[in-house]
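Participant: sharing a sequence plus its predicted fold:
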Number of protein chains: 4
Amino acid sequence: MTDSAVQTDDDLRSLRRDLHRHPEPAWCEFYTTARLIEELRTRPIDELHYGREIHAADQRLNVPDESTRTKWLNRAREAGANGTILDEISESFTGAVAVVDRGPGPTIALRVDIDALPILEADDAGHVPVDEGFRSENEGYMHACGHDAHATIGLGVLDQILDSDFSGTFKIIFQPSEEQISGAKPMAESGIIDDVDHLLALHIGLDHPSGQVVAGIDDFLAVTQFRVDFSGESAHAGARPESGANAVQAMAAAVQNLYGIPRHSAGETRVNAGHVGGGTADNIVPEHAFIKGEVRGETTELMSYMWDHAQRILDSAAEMHDCTADIQMLGEAPSAESDQQLVDIVGDVARQTAGVDDVLERDSLGGSEDATFLMQHVQNQGGLATYVGVGTDHPGGHHTPTFDVDERDIGIAVDVLSAAIGEIAAADPV
Amino acid sequence: MTDSAVQTDDDLRSLRRDLHRHPEPAWCEFYTTARLIEELRTRPIDELHYGREIHAADQRLNVPDESTRTKWLNRAREAGANGTILDEISESFTGAVAVVDRGPGPTIALRVDIDALPILEADDAGHVPVDEGFRSENEGYMHACGHDAHATIGLGVLDQILDSDFSGTFKIIFQPSEEQISGAKPMAESGIIDDVDHLLALHIGLDHPSGQVVAGIDDFLAVTQFRVDFSGESAHAGARPESGANAVQAMAAAVQNLYGIPRHSAGETRVNAGHVGGGTADNIVPEHAFIKGEVRGETTELMSYMWDHAQRILDSAAEMHDCTADIQMLGEAPSAESDQQLVDIVGDVARQTAGVDDVLERDSLGGSEDATFLMQHVQNQGGLATYVGVGTDHPGGHHTPTFDVDERDIGIAVDVLSAAIGEIAAADPV
Amino acid sequence: MTDSAVQTDDDLRSLRRDLHRHPEPAWCEFYTTARLIEELRTRPIDELHYGREIHAADQRLNVPDESTRTKWLNRAREAGANGTILDEISESFTGAVAVVDRGPGPTIALRVDIDALPILEADDAGHVPVDEGFRSENEGYMHACGHDAHATIGLGVLDQILDSDFSGTFKIIFQPSEEQISGAKPMAESGIIDDVDHLLALHIGLDHPSGQVVAGIDDFLAVTQFRVDFSGESAHAGARPESGANAVQAMAAAVQNLYGIPRHSAGETRVNAGHVGGGTADNIVPEHAFIKGEVRGETTELMSYMWDHAQRILDSAAEMHDCTADIQMLGEAPSAESDQQLVDIVGDVARQTAGVDDVLERDSLGGSEDATFLMQHVQNQGGLATYVGVGTDHPGGHHTPTFDVDERDIGIAVDVLSAAIGEIAAADPV
Amino acid sequence: MTDSAVQTDDDLRSLRRDLHRHPEPAWCEFYTTARLIEELRTRPIDELHYGREIHAADQRLNVPDESTRTKWLNRAREAGANGTILDEISESFTGAVAVVDRGPGPTIALRVDIDALPILEADDAGHVPVDEGFRSENEGYMHACGHDAHATIGLGVLDQILDSDFSGTFKIIFQPSEEQISGAKPMAESGIIDDVDHLLALHIGLDHPSGQVVAGIDDFLAVTQFRVDFSGESAHAGARPESGANAVQAMAAAVQNLYGIPRHSAGETRVNAGHVGGGTADNIVPEHAFIKGEVRGETTELMSYMWDHAQRILDSAAEMHDCTADIQMLGEAPSAESDQQLVDIVGDVARQTAGVDDVLERDSLGGSEDATFLMQHVQNQGGLATYVGVGTDHPGGHHTPTFDVDERDIGIAVDVLSAAIGEIAAADPV
């Protein structure tokens, strides 16, 4: 196992660095998708799916407008992406699914996410992508959460499965728009995981050092992200204040009261009005204001409790100031838990993997992740799921300009996951 | 004219002091009404109206509940009021109207108000009612706005008219519930002033010294007084905060936003949440809260602008916190202006009246008064109205425990008003 | 053991019913204290402490004013309380401590609380105190939380200890003002438990049925109860709104923002503005407003976090509207945990006690209790503490008009606690 | 008089169109200033002042940063402005003052403003600057308030004075940054008008048609424009909400309470939070927020009342949420009134001017204007001032993309003002 890992490392490193140079935001992973599809086409896989067929189109949220898509399609084209593929996915049907069918046995899926963040990457010596020449070429965007490594690990696991005596069906799922928690739901609803018996998802880093593996991550906060636009009437603030309907007053009333949603005795809840704005000039009664925010809960029910209250508050704050509120859900994810049977298998395998020197059975995420939609979908139809953490020494925190991964941990992740998939197929614990 | 004034002074003083000893709040003027009716019955008047016939019953606001009425009826009975009259007015149909019909000529009405205030009267030497033994016997209530003098002046004017060669019809209107601005509207709507060509109303004091008369007071702020009750759900604040619907949060959101109703370029507006409360205990999510408040405007339109906004804010503040809002209008009054023709006559007469050494043509009230309903009613049907101010040196301000009137000014008011009514009848300026 | 319990039952029942007839609110337990002291004086105890010596006077919060104290002292006197004792405790130095010194061994204390609640007791047939003639004689006040039973149990345990071969020192602590969470701290700071090695506290009921015992109750929410008075300036809302400093606006701003104190990732927090009020009349800018409220936390640190934020918000809300805020802490209690060694002993003893058919090792309170001050004080000096729950079938919930205890459970509580104290003395687990 | 007007019309039109093509925002009037100075240098004036000497540097508010200045300096240079002058005024010391000294007599000043607005000019046929080829060349900026005409009129009046038998001293003041109400105060404080006996200012349009002149405009609302920046601490809204200090909560509390500043019985007040914003992302506790807003009053005292309250609210809203508030005044202007003596002279002259067919003695501005600083300065030292309105048929409203002036009215304004200055000098009404 160590040998194969070492062997693939060069190709995988090269792929990871290419993806790192071309970070793309949620739903604009055009270069990334095209690159991965071209990689997949060189492998002896049985099925390749992408474009509309892997998404329930009406479940997609927060898809960018055409001018944004065009900008990123052009960048992808200029970076050398396959034009035919780009045309096929141009309406933000990004991501891909590959299937390996190896005779009798369960269907096991691995989900990896592929999108990047609107963060300006560090440009200082000492930051490895600078030192070794693979810093982001899309200025202002960055793989600051390791999804470049995730996509690479996905391909590495596929290769290991192809090389192994695995029996059963394996699906590798490259998911877009995790950062805006809106990519998993349309994939879950598209039917492509309806036959999956076991699902694994993974995250690298998360403050776990290189050599540490977490067999089952839990405590995902269920989340809904939203945007509300308040519309009123503008007026000259000196000459005709009474003619206005002040959208900023509506927004302020909403903010004051959103944070006052009662705490819940059943567990943790959260609310945040993270980005707000309104109005245009000192002397004009503001006609428009907005809030981009989120609510979370320790369980999906707690999140729904918050979301119900939040919507009522937003609507009544608008009404209070004779405005209207247009509320859009930008993204959402339920809570989820990792199943013990898979946690046990992953833990056992990890303990036997070279390079792993510490295995935690469980740990908390304390944040949100939309892999939970896929986990829940599989669990709801009687399957099992786990979310695996693979440690890496990352110099900066996630979502900061100096984030980076130790590329040696890509190999460890590939080894742990491919071995675990083999063991799961053999045991089929459902 | 001087003689008659002097002559009536003793009786009038005695009546005024009796009323002062028995102050009664709005809609509970039982003793006062019975006493006035008994006085009227000793005069050669042509008609006497009281009880239901002088009120449009469905226009009465803020009428106290039965237990409050019973308490005041009992006090009136104990103070020696006529029991038969009390029975006739026991459902708060207080006030009275007397008519003198003296041949051809216009119908002229004088409106005086009769209610007192929930204020504890001063009990110190130097306060004339203490020194001369006519301090309030209804502890906690007080004629702190001079309505005892107003009622007395009304009877004095009636006497002068009866003694004079007045030709026309004269109506004296004793109106209840001015302090809660809810007594004039049901009288105006009852039909009893439908035939009135000229209406005079009066106020004593208002920071005008003895010897000063204002021929026409203007700039009444239109007003609506309201009470809103917010109802939610109680819950244990430690164990089940999420089960509550917090009426105090609704009330606080309402207060914050009521004061933020936009200013109006067409003139002055006001808003006040003057008395609020809610909840029962530190550790219980409040199930109930209330606001007693008011909105005002320089014109009736401006007041309506405020009232429309206020109602919307109260409803949406309730909804915001999953509560309901029960809004009651407690009282209201429009704005009004004094007609120049009557102002001219009153001014001319006043300048010739003994004891008057300064006549102002116009002054501002800067507050509210529901005589405006009667004025507006008369004006709307083509009649004229004026609101007359008669100065008096009052030691304490209106609505304070040391308020008092100089009783000599009662005679001056009688003289000015009865002479003005005679002149109006002679000139009939409509 | 069963014999003695049966034997004491009649006396204890009689005492409990006497206390039930005379419920007294926090810091006004004059009758209760006098009655208990007279009971204690009939026992062969070694020390009796009461009055100033058992309280750190400067640590007392929320002590009622003299007129309230006088009212309750008079009631106690009329109910036949010992006048000399009343004089000694008349400044609300209620409660008592008795000490039994029985040779070598640890010092073990039992704390029981003695105050009642401002709740009107049910007056319907079927409510045992009605049927059997011991309903509250202090109308509007009620032992609705079982402290009458607690005090009785305390005396019962003392009797058992006196009758037993207990070796060591036993202290029974009758604590006032638990309902206002302000009685424990001044006792803890007075020195009277400085020598205590083991502390037990108890509560009856708490939704545990008769026959069930909880060996160690945990998860007390730390709490601070407060009152804030906002003072501004009154003004006529129509004539001079600008002259006011609106205390109701300050209060509303405070309420809106108190509920918005950020949630905390370390655990549960709470905030409540449970009782608010302000202003006097529709048309007066309010000069005064108040909030009675509380903050809580799963730990003392979390409560402090809330309290720090709350105080800053109250001060700045006042300043925002040119008012001042006078903040008083009304009561407080830290969080606490029961020590395993004592939990084990209580559990073992309970399982062997007649009438006990179910023993829970641990349960959560989910509320607040100021016994935690005493527990923490003992634990801080190296001692151990546990908070024991003794079930009883109570028809109405705690703090409701139909609450009552099954008196047979008083005997069970006496047996469990006295046996546990014996075992603790024998084992001395520190 | 008619002749000279006709004569200058061609040059003036040409100047006005050149200025119109080069609109520059407040404090960036580099091209405009250089162009005017070059014009002045061709005239036989006695003194020319510009640069630092005409501004009290420490009284300048809202001066743009160096990069903005550099951008506009470069544009001016590219448009052919005199480089030497640009260097002299490069730190935003824009504007100019020219003096004509013609023997004995009073010192009379005319103030015209020269800045433009950040408005995109209409580009449709029918908009005269489009049809006749002088549309703005600084895309996104526009002379949408007629200051291009004002500057031109100023030069026209200077020419008329130079051509006339005027006796006394005349100062023409070209003032920058009127639109940000921050250019007049530093000029007033610089000393350049300390010797002025009579000041005239003017505005074209203001919904007055061509041929109408207003001899004295009044009712300027005193105004203060401000920006407040709230600074707190960011934190992950899901993982560590308690670590944040939420600047958006501070901003919302400020907005809610700013609008609630009590109305004032002495007259109209205004407040507006016209442009707000804060935060960066849904899931981050906002570290920063801002409000750009304004307060106004019918008098300077009323504006100060509002400004005092506003500052206290901003500071305490910040403190409430553990943030800081950095408050900057962006601009301000007092109220002012036109003096009757000058109003009379301007009215008389206007009635005799060809092209003027309607003269209003007085009208209200209903907005704000910082010429009031200069008016007040002159009046405070015993001089007189008036603010003259010259009508023009303007197709779009002020501050809209289709605003334009009828150039014939430039000549009328020149005639009225130069004649009035002559009459004032002759009468010297101080």
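Facilitator: All right, it came through fine. Since we're looking at a predicted model, the values are computed, not measured.
Participant: spatially central residue for chain A, please.
Facilitator: For chain A, A:Glu178 is the residue whose C-alpha lies nearest the centre (CA atoms, centre = their mean; 1.7 Å).
Participant: who touches it in this structure?
Facilitator: Contact analysis of A:Glu178 by CB atoms under 8 Å, 6 or more residues apart in numbering or on different chains lists A:26, A:113-115, A:147, A:184, A:369-371. For every residue, glycine as well, the C-beta is placed using N, CA and C.
Participant: again, only this time at 7 Å
Facilitator: With contacts defined as CB atoms under 7 Å, 6 or more residues apart in numbering or on different chains, the neighbours of A:Glu178 are A:113, A:115, A:369-370.
Participant: below-threshold pLDDT in chain A: ranges please.
Facilitator: Chain A contains residues with pLDDT under 70 at A:1-8, A:430.
Participant: dump stretch A:211-224 to PDB, keeping only the CA atoms.
Facilitator: Only the C-alpha atoms of stretch A:211-224 are listed here, as PDB (Å, rounded to 0.1, in the frame of the first residue of the first chain):
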ATOM      1  CA  GLY A 211      -0.600  11.800  11.000                       C
ATOM      2  CA  GLN A 212      -4.000  12.100  12.800                       C
ATOM      3  CA  VAL A 213      -7.200  10.600  11.500                       C
ATOM      4  CA  VAL A 214     -10.700  11.000  12.800                       C
ATOM      5  CA  ALA A 215     -12.900   8.000  11.900                       C
ATOM      6  CA  GLY A 216     -16.200   9.800  12.400                       C
ATOM      7  CA  ILE A 217     -16.900  13.500  12.500                       C
ATOM      8  CA  ASP A 218     -20.200  14.600  14.100                       C
ATOM      9  CA  ASP A 219     -21.900  17.700  15.400                       C
ATOM     10  CA  PHE A 220     -22.500  19.400  12.200                       C
ATOM     11  CA  LEU A 221     -24.600  22.500  12.800                       C
ATOM     12  CA  ALA A 222     -27.600  22.500  10.500                       C
ATOM     13  CA  VAL A 223     -27.600  25.800   8.700                       C
ATOM     14  CA  THR A 224     -29.700  28.000   6.400                       C
END
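Participant: wait, a helix at the residue nearest to the centre of chain A?
Facilitator: No. A:Glu178 is assigned coil when assessed by DSSP: H, G, I helix; E, B strand; the rest coil, not a helix.
Participant: tell me how many other residues surround the closest residue to it other than its chain neighbours.
Facilitator: Spatial nearest neighbour of A:Glu178, excluding adjacent residues (CB to CB, 6 or more residues apart in numbering or on different chains): A:Asp113 at 3.7 Å. By other CB atoms under 10 Å in any protein chain shown, 28 other residues sit near A:Asp113.
Participant: of the contacts of A:Glu178, closest to chain D?
Facilitator: Relative to chain D, the closest of the contacts of A:Glu178 is A:Glu369; by CB to the nearest CB it sits at 10.8 Å.
Participant: the closest residue to that closest one other than its chain neighbours and chain B, how far apart?
Facilitator: Spatial nearest neighbour of A:Glu369, chain neighbours left out: A:Phe220 (5.6 Å); criterion: CB to CB, 6+ apart. Computed as CB to the nearest CB, to the nearest Å, the A:Phe220 to chain B distance reads 21 Å.
Participant: and stretch A:96-103, what's buried?
Facilitator: Buried residues in stretch A:96-103, counted by 16 or more other CB atoms under 10 Å in any protein chain shown: A:96-100, A:102.
Participant: what two of the contacts of A:Glu178 are the furthest from one another?
Facilitator: A:Asp115 and A:Glu369 (12.6 Å; CB to CB).
Participant: pop the domain breakdown of chain A in here.
Facilitator: As given by automatic domain parsing, the domain ranges for chain A are A:2-220+A:336-427, A:222-333.
Participant: can you say which of those is packed in most?
Facilitator: Highest mean neighbour count among those (mean count of other CB atoms under 10 Å in any protein chain shown): domain A:222-333, with a mean of 23.
Participant: contact partners of whichever helix or strand A:His49 is part of?
Facilitator: Using DSSP states H and E, A:His49 sits in strand A:47-50. With contact meaning CB under 7 Å, 6+ apart, strand A:47-50 is reached by A:33, A:37, A:40-41, A:89, A:95-99, A:192.
Participant: out of those, which are inside helices?
Facilitator: Among these, the members found in helices (DSSP state H) are A:33, A:37, A:40-41.
Participant: of all those residues, which comes closest to C:Asn283?
Facilitator: Distances from C:Asn283 to those, taken by CB to CB, are shortest for A:Thr33, at 68.6 Å.
Participant: that closest one contacts A:Ser92, correct?
Facilitator: No. Between A:Thr33 and A:Ser92 there is no contact under CB atoms under 7 Å: 10.0 Å.
Participant: confirm that A:Gly347 sits in a helix.
Facilitator: Yes. Assigned with three-state DSSP, A:Gly347 falls within a helix.
Participant: circling back: contacting residues for the residue nearest to A:Glu369?
Facilitator: A:335-336, A:365, A:368-369, A:372.
Participant: quick one: A:Asp194 and A:Gly183, what's the gap?
Facilitator: A:Asp194 sits 18 Å away from A:Gly183, going by CB to CB, to the nearest Å.
Participant: equivalent analysis for A:His55, please.
Facilitator: Taking CB to CB, one finds A:His55 at 9 Å from A:Gly183.
Participant: next one: A:Asp218
Facilitator: For A:Asp218 relative to A:Gly183 (CB to CB), the value is 21 Å.
Participant: which one of the buried residues of stretch A:96-103 is nearest to chain B?
Facilitator: Using CB to the nearest CB, those come closest to chain B at A:Val97, 40.5 Å.
Participant: leaving out sequence neighbours, find the closest residue to the closest one.
Facilitator: Nearest to A:Val97 is A:His49, by CB to CB, 6+ apart, at 4.4 Å.
Participant: so how far is A:Val99 from the one you found?
Facilitator: For A:His49 relative to A:Val99 (CB to CB), the value is 8 Å.
Participant: next SSE after the strand or helix carrying A:Val157?
Facilitator: Using DSSP H and E, A:Val157 maps to helix A:147-163. Where DSSP H and E defines the elements, the next helix or strand beyond helix A:147-163 is strand A:168-175.
Participant: by contact count, what packs against that next one?
Facilitator: strand A:96-102, strand A:107-113, helix A:147-163, helix A:184-188 (3 or more CB pairs under 7 Å, 6 or more residues apart in numbering or on different chains; DSSP states H and E).
Participant: hang on, the earlier thing: I'd like to know which of the buried residues of stretch A:96-103 is nearest to D:Leu162.
Facilitator: For these, the nearest to D:Leu162 is A:Ala96 (80.5 Å; CB to CB).
Participant: quick check: the closest one touching A:Arg35?
Facilitator: No. A:Ala96 is beyond contact range of A:Arg35, at 10.1 Å (criterion: CB under 7 Å).
Participant: A:Gly366 belongs to a helix, doesn't it?
Facilitator: No. Under three-state DSSP, A:Gly366 falls outside any helix and is assigned coil.
Participant: got a list of what it touches?
Facilitator: A:Gly366 makes contact with A:219, D:238-239, according to CB under 7 Å, 6+ apart.
Participant: hmm, try it at 8 Å
Facilitator: Counting by CB under 8 Å, 6+ apart, A:Gly366 touches A:219, A:221, C:265, D:238-239.
Participant: show me the strands in the stretch 201-350 of chain A, by range?
Facilitator: For the stretch 201-350 of chain A, strands defined by DSSP state E, counting those that start in this stretch occupy the ranges A:212-218, A:222-231, A:235-236, A:269-279, A:284-285, A:288-297, A:324-333.
Participant: which parts of chain A sit against chain C?
Facilitator: By CB under 8 Å from any CB of the partner chain, the residues of chain A that approach chain C are A:256-257, A:259-260, A:262-263, A:265, A:268-271, A:366.
Participant: just those now: which is nearest A:Gly80?
Facilitator: A:Gly366 (39.2 Å).
Participant: next, the closest one: phi, psi?
Facilitator: phi 70, psi 10 (degrees, to the nearest 10).
Participant: appreciated, that's everything.
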